[in-house]
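A.B. asks: Starting from these lines, generate the structure:
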Amino acid sequence: MSEKTFRVGTRGSQLAMTQTGYAADAVGAAADLTPELITVRTEGDVLTGPLSQMGGTGVFATALRARLLDRDVDLAVHSLKDLPTAPVQGLVIAALPEREDPRDALCARDGLTLDELPQGAAVGTGSPRRVAQLRALRPDLKIVDIRGNVGTRLNRVAPGDLDAVVLAASGLKRLGLEGRITEYLDPERMLPAPGQGALALEVSSELPEDSPLGRGLAAVDDLPTRLAVTAERSVLARLEAGCAAPVGTFGRMVDGDLHLDVVVANPDGTEVMRRSEATDELSVEAAAALGVRIADELLADGADRLARLTL
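C.D. replies: Numbering: from 1, shown residues only. Now for the predicted structure:
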């Protein structure tokens, strides 16, 4: 990092570059620094096949983190839902900017909603969490495993081979594609992935907080976002679950309290456990405790058996 620039590691997809640019520009403006984006190819960008069989969320994070540890970049920007819950020695998530819309979104042919899709409609998603909840809501649907960037997935919808795909609303909005959304899936029906819609700005733990970059990161850190995603990711950590697990969460501030909804489902959607709790103590420690408390209640009721978790 020179006196007036900082190097930002990012994946090379259009979505990753867009959201990294947004975050880097915000930090740069706050720190009076100029970001230099450095594209890093990750294992998840190279491998093919279902994401749930690739070794989990770390396939998108490991290469970026290695570049941070090697001091090749000063900052890495991750989609938080792609980041494993276990901390990495020598690194810290220094900022979580205000979260974009965390909901899942249906992009269907002919403007259809989930309830309006015809019997046996083909719906594409690569997420076991989405699969389980879709099957619980519409067991008649044909679920098709898909991968690829946002544009590739959208192009599978008619006149392609699918009637609809389910994607993160945040990514569609950041790419200016919200016009393709035919229904925002209400968290009352489908809970998003832990951390969905949030960006994690990760740096070396040795970065001085009073450095220009440290001050810029502090300026963009959003406390409501940090509390919500801390609670969500604490559930995931306590369940020892990753992206292959059908677990959904939704943390948010309501009337000054932190609320957290959690769902754990059988992968085939035939059985669903859902829990909701809140706390009026607004600290990172209390948010983490809220997530652990709900996870422990779910485990006591057999969530590990239901979701086929290995504890």
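
A.B. asks: Go through stretch 128-141 and flag the buried ones.
C.D. replies: Along stretch 128-141, these residues count as buried under the neighbour rule (16 or more other CB atoms under 10 Å): 128-136, 138, 141. C-beta: built from backbone N, CA, C; applies to glycine.

A.B. asks: Sorry, slip of the keys, the one I care about is stretch 180-191.
C.D. replies: Residues 180-183, 185, 187, 190-191 are the ones in stretch 180-191 that count as buried (16+ other CB under 10 Å).

A.B. asks: Now secondary structure and pLDDT too, for these, in JSON lines please.
C.D. replies: Converted to JSON lines, the buried residues of stretch 180-191 look like this (DSSP: H, G, I helix; E, B strand; the rest coil; pLDDT from 0 to 100):
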{"residue": "180", "secondary structure": "helix", "pLDDT": "95"}
{"residue": "181", "secondary structure": "coil", "pLDDT": "97"}
{"residue": "182", "secondary structure": "coil", "pLDDT": "97"}
{"residue": "183", "secondary structure": "strand", "pLDDT": "97"}
{"residue": "185", "secondary structure": "strand", "pLDDT": "97"}
{"residue": "187", "secondary structure": "coil", "pLDDT": "95"}
{"residue": "190", "secondary structure": "coil", "pLDDT": "95"}
{"residue": "191", "secondary structure": "coil", "pLDDT": "96"}
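
A.B. asks: need those in JSON lines with distance to residue 80, can you?
C.D. replies: Formatted as JSON lines, the buried residues of stretch 180-191 follow (distance: CB to CB, whole Å):
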{"residue": "180", "distance to residue 80": "23"}
{"residue": "181", "distance to residue 80": "21"}
{"residue": "182", "distance to residue 80": "26"}
{"residue": "183", "distance to residue 80": "24"}
{"residue": "185", "distance to residue 80": "19"}
{"residue": "187", "distance to residue 80": "17"}
{"residue": "190", "distance to residue 80": "19"}
{"residue": "191", "distance to residue 80": "15"}
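
A.B. asks: Which neighbouring elements make contact with whichever strand or helix holds residue 215?
C.D. replies: In the assignment (DSSP states H and E), residue 215 maps to helix 212-220. Applying 3 or more CB pairs under 8 Å, 6 or more residues apart in numbering; DSSP states H and E, one finds that helix 212-220 makes contact with helix 14-31, strand 91-95, strand 199-204.

A.B. asks: which one of the ones you listed lies closest to residue 148?
C.D. replies: helix 14-31 (11.4 Å; CB to CB).
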